[in-house]
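In: I'd like to go over a predicted model; first the sequence, then the structure.
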Amino acid sequence: MAENQKQNYLTHPKGIMSWLLTLDHKRIGLMYLFGGIIFFFLGGVLALGMRLELAAPGNDFVSNDTYNNMYTLHGAIMIFLFIIPAIPGALGNILLPLMLGAKDVAFPRLNLASFYIYTIGALFVMYTIISGGVDTGWTFYTPYSTTSTSNVIPMTMGIFVIGFSSILTGLNFIATIHKMRIPGLTWYKLPLFVWALYGTSLVQITATPVIAITMVLLILERLLGIGIFDPALGGDPVLYQHFFWFYSHPAVYIMILPAFGIISEIIPVHSRKKVWGYKFIAFSTLSIAFIGFLVWGHHMFTSGQSVFSQIVFSFITYFVGIPTGVKIFSWMLTMYKGQVSFTPPMLYALSFLFLFTIGGLTGIFLGAVALDIHLHDTYFVVAHFHYVMQGGTIIAFLGGLHHWWPKSMGTMYNQTVASICCLGVFLGFNGTFFPQFLLGLRGMPRRYATYDQQFAELHNYSSFWSGILGLSIFISIMNLLWSLRKNNKLDPGTNPWGGMTLEWTHTTSPPHPHNFEEEPVLEHGPYDYDKVIVEPTFKK
Amino acid sequence: MSEHHITPLKTYLAVAGTLFFLTAVTVWVSYFDFGSFNIIIAMGVATMKASIVALFFMHLLWDDKKNLTMFVMSLMFLGIFITVTLLDTGFRGGVNSEVEYPINNRATFYDSLPLTDTHGHPVDEHSADQHGEDEDHH
Ligand SMILES: [Cu+2]
C-alpha cells in the first residue's frame, strides 16, 4: 500500500515510449499542453514582431509581404493550434475523467489518435511556414485565397486535418460524460467545467465538419478550377464567407465556453461559497452553444450579403448577450459575501470578468449593422476579439493552469511571482489593446504594416505595453516550470485551495495512474460550501 | 443496454425494394423540367433514401434514441445553414440591383459540353446564344 501511494501517473510507467504510446488521459492532456504552449510561444513571437513593426510608421522592421505572412500565421497558429485545442485538449483531458470519478475517457485509443492527428496537422502548418508562408489572413477569403501564389494549400490542409482531432475529442468527451459518471453523479451534480466541456463538444462535432468541407472546396477550386466561389466560373465569393463563418462563429464558443467552465470552477473554490445559480450557468452554456449557430452573418455586414439577412443576423446577435450576462451576474453573486482569497488563480478569474465583459460588450457594438459598417476591418475589431480571445480565453486558461497545476504536477509554484505576473498580464493587456479601440474608432484599418502619422502615438503606446504583456506571460510560464525542480514535491494529500470536486477530494496530487485507487463514492455536491467544510491543506 | 435487435429479412427486402423504387422515381422525374424545383425534388428524394438507410440498415430506428437525436440534430444544423444562407442569396439586390443575379448561372464545366436542352437533345448554337440568359423560363 505504501508503495502504491508513491505511484503517480507522472512517474509510472517510465520511458519515452510509455509517454508516446500512452492511453492515459492525463498524459495525453500533458502532451496537448506541451504542444499548445509551443505554438502559444510561436504565435506570441509573431505578435511581438508585428508590434515591433507597428511601433513607428513606415516599414522599418519587416516588408509588407512579410507582415502579411506574420498576421496570417499569428492568427491561424493561435486559433487552430493553441486556443481551440488547448483547453479541451489539455485541461479537459486531464480533468474530465477525474471530475467524473472515471478511470479514463470513454475511448482512450481514440484520444491518443486525436493527439496524433493534431500533430500531423501541426506538421502541415510547420511545412507552410518553412516553405515560405501564406498571406491571405487566417480567414482565407476568396477570391484572394484562390489566386494568391503563397502556400494556401498546405495551410488549409493542416486546418482540415486538425479539424478531425477536434471532432474526435468532442465525440470522446460526449461519450465520456454520458457513460462514465460514477453512480449518484447526476447531471445537476456535475462540476460546471464538465457542463462547459459538454457544450463545447456539441459545437465541435456539429460545426467542425463544415470548416473541413470549406477547406476541401477551397483546395478543389484552386487545384481544379471548379466554380464554387469564383463568380467567373459560376460561383459566389460570399458563399465562401457563409461557409467559413458557419464554423468560425461557433468556433468562438469552442474557444470561450471551456474558459467559462474554468471560471465557474475557480470562483466558488476561491470564494469558499456555493456557486450562485448553478442551473443558470449550466443552461446558459447550452443556449450560447445553440444561439451561436444563428449569428454568423455578423462577420459579413460589408461583404455584399442581402440587407434582409444583415438585419436578421444583427437582431439575433443581440440574443447572445443574454446568456452571457446571466453567467457574469452568477459569478459576481457567487463572490458576494464569500471569503474571497486573492490567490493567483482567483486574480486571473477577476481579470477575466473585467476583460471579457469589455470584449463581450464591444461585440454587441459590432453586432449592430450601422455601427459595424463604420468599424468593420478597423483596429476596433482587432481590439474586440483580442479582449474576447486573450482577455477571455487565454486569461482563463492561465488561471486554470495555476489552479490545477498543484493537482496535475504535484508541485506549487511561487505564488508571489505568479500574482505579480498576473498583474503584469492585466496591465500589459489593457495597455496593448485598449489604445486599439481608439485607433479603430479613428479609422486605422487592420492588416497594414504601416500607417499615417496621426496614429503614431497610440500605436507606440500599444507596442510598449505588448512587451510587458509578453514578458509577464513568459515569466508566469517559467515560474510554473521552475516549480518542477527537484525536492519541491507537495504532500500527495494536498488540496491547496480546498476544492470540493472529486479530483481534489478523492485522489492524490499528482493522481494515481488509474486516477482513483478504488471507485470514489460521492459524498456531496461540487460546491456545497454551505454544508460541508473542506479546509485547504498545503504541506510539503 | 437494451438487447440487440434482429431485423427480419422481409424488412430488409422491403427497404431495398423502396430504395430501388425511389431510384426509379429520381430517373423518371429527371425527364420533366420543374425549373428551380428540379434541385428541390432531387434532393428531397435523395434525403428520403438516406433516411431510410440510416433508420433501417443502420438500425437507428431501434437504437438508443440519443443516437437518433444526434442524427436529426445534424440534419437540423444543415437545414439552418442552408435556409439562413438563402436569406442572403434570395434577397440580394435590395440596395444595388446589379448584384441581384449571378453573372453566370451555370458551372463552366458545362461550357465544354455541347449545348442541349433539358431532355438531352442537341440545341443549335446560334439560337441558344439568344436565349442563353433566361434558361429558367423554358
Ligand atoms: Cu461571430
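Out: Sure thing, it's come through.

In: C-alpha only now, for contacts and for neighbours.
Out: OK.

In: Okay, now the unreliable bits of the stretch 151-300 of chain A?
Out: By pLDDT under 70, the stretch 151-300 of chain A contains no weakly predicted segment.

In: for it, what spans make up the helices?
Out: A:152-179, A:192-224, A:237-271, A:278-291 (DSSP state H, counting those that start in this stretch).

In: do you know how far the closest residue to residue A:445 other than its chain neighbours is from chain B?
Out: In space, and not counting its chain neighbours, residue A:445 is closest to residue A:378: 4.1 Å by Cα to Cα, 6 or more residues apart in numbering or on different chains. According to Cα to the nearest Cα, to the nearest Å, residue A:378 and chain B sit 24 Å apart.

In: go on, residue A:243?
Out: For residue A:243 relative to chain B (Cα to the nearest Cα), the value is 8 Å.

In: can you check residue A:368 too?
Out: Distance, residue A:368 to chain B, using Cα to the nearest Cα: 17 Å.

In: What are the contacting residues of stretch A:179-187?
Out: Identification of contacts with stretch A:179-187 by Cα atoms under 8 Å, 6 or more residues apart in numbering or on different chains yields A:97, A:100, A:101, A:102, A:105, A:106, A:519, A:520, A:521, A:522.

In: Out of those, which sit inside helices?
Out: A:97, A:100 (DSSP state H).

In: which of the contacts of stretch A:179-187 lies closest to chain B?
Out: Nearest to chain B among the contacts of stretch A:179-187 is residue A:106, at 15.8 Å by Cα to the nearest Cα.

In: That closest one against residue A:171, yeah?
Out: No. Residue A:106 is beyond contact range of residue A:171, at 9.5 Å (criterion: Cα atoms under 8 Å).

In: Where does pLDDT dip in chain B?
Out: Residues of chain B that meet the criterion pLDDT under 70 lie in B:1-4, B:102-138.

In: can we see that at 90?
Out: B:1-12, B:26, B:29-43, B:47, B:51, B:54-79, B:86-138 (pLDDT under 90).

In: name the element the residue positioned nearest the centre of it belongs to?
Out: Residue closest to the average C-alpha location in chain B (Cα atoms, centre = their mean): residue B:43, at 1.8 Å. Taking DSSP states H and E as the criterion, residue B:43 maps to helix B:37-52.

In: what are the C-alpha coordinates of that helix, in CSV please?
Out: Output of helix B:37-52 as CSV, limited to C-alpha atoms (Å, rounded to 0.1, in the frame of the first residue of the first chain):
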residue,chain,number,x,y,z
PHE,B,37,-37.8,22.9,-58.2
ASN,B,38,-35.6,20.4,-60.0
ILE,B,39,-33.0,20.5,-57.3
ILE,B,40,-35.5,20.5,-54.5
ILE,B,41,-37.2,17.4,-55.9
ALA,B,42,-33.9,15.6,-56.5
MET,B,43,-32.6,16.4,-53.0
GLY,B,44,-35.9,15.5,-51.4
VAL,B,45,-35.9,12.0,-52.9
ALA,B,46,-32.2,11.6,-52.0
THR,B,47,-32.9,12.7,-48.4
MET,B,48,-35.7,10.2,-48.2
LYS,B,49,-33.5,7.4,-49.4
ALA,B,50,-30.6,8.4,-47.0
SER,B,51,-33.1,8.5,-44.1
ILE,B,52,-34.4,5.0,-44.9
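
In: which residues make contact with it from outside it?
Out: Surrounding helix B:37-52, the residues in contact under the criterion Cα under 8 Å, 6+ apart are B:15, B:19, B:22, B:26, B:30.

In: which one of the helices of the stretch 151-300 of chain A is the most hemmed in?
Out: Most buried of the helices of the stretch 151-300 of chain A by mean neighbour count (mean count of other Cα atoms under 10 Å in any protein chain shown) is helix A:237-271; its value is a mean of 24.

In: In terms of secondary structure, what does it contact?
Out: In terms of contacts (3 or more Cα pairs under 8 Å, 6 or more residues apart in numbering or on different chains; DSSP states H and E), helix A:237-271 is packed against helix A:84-85, helix A:192-224, helix A:278-291, helix A:307-335, helix A:344-367, helix A:395-409.

In: Mind doing that once more with 6 Å?
Out: If contacts are counted by 3 or more Cα pairs under 6 Å, 6 or more residues apart in numbering or on different chains; DSSP states H and E, helix A:237-271 sits against helix A:192-224.

In: could you give the angle of the helix it packs on to helix A:152-179?
Out: Per axes from the mean of the first three to the mean of the last three Cα atoms, to 10 degrees, the angle that helix A:192-224 makes with helix A:152-179 is 150 degrees.

In: Could you tell me how far helix A:192-224 lies from the centre of the chain?
Out: 15 Å (Cα atoms, centre = their mean, to the nearest Å).

In: go on, stretch A:274-289?
Out: Relative to the centre of its chain, stretch A:274-289 is centred 19 Å away, using Cα atoms, centre = their mean.

In: Can you list the neighbours in contact with it?
Out: Residues outside stretch A:274-289 that contact it (Cα atoms under 6 Å, 6 or more residues apart in numbering or on different chains) are A:195, A:199, A:268, A:323, A:327, A:330, A:334, A:527, A:528, A:529.

In: Report the separation between the closest residue to the fourth one other than its chain neighbours and chain B.
Out: Spatial nearest neighbour of residue A:323, chain neighbours left out: residue A:284 (4.8 Å); criterion: Cα to Cα, 6+ apart. Using Cα to the nearest Cα, residue A:284 is found at 19 Å from chain B.

In: now do residue A:37
Out: For residue A:37 relative to chain B (Cα to the nearest Cα), the value is 33 Å.

In: Could you do residue A:535 as well?
Out: When residue A:535 is compared with chain B (using Cα to the nearest Cα), they lie 41 Å apart.

In: now residue A:340
Out: Counting by Cα to the nearest Cα, the gap from residue A:340 to chain B is 41 Å.

In: which residues does that residue contact?
Out: By Cα under 6 Å, 6+ apart, the residues touching residue A:340 are A:270, A:271.

In: Give me the pLDDT value at the most centrally placed residue in chain A.
Out: By Cα atoms, centre = their mean, chain A has its centre lying nearest to residue A:83, at 3.6 Å. Residue A:83 is assigned 95 on the pLDDT scale.

In: Distance check, the residue nearest to it when sequence neighbours are not counted against chain B.
Out: Nearest residue to residue A:83, sequence neighbours excluded (Cα to Cα, 6+ apart): residue A:255, at 6.2 Å. Distance, residue A:255 to chain B, using Cα to the nearest Cα: 20 Å.

In: mind checking how far residue A:255 is from residue A:391?
Out: 12 Å (Cα to Cα, to the nearest Å).
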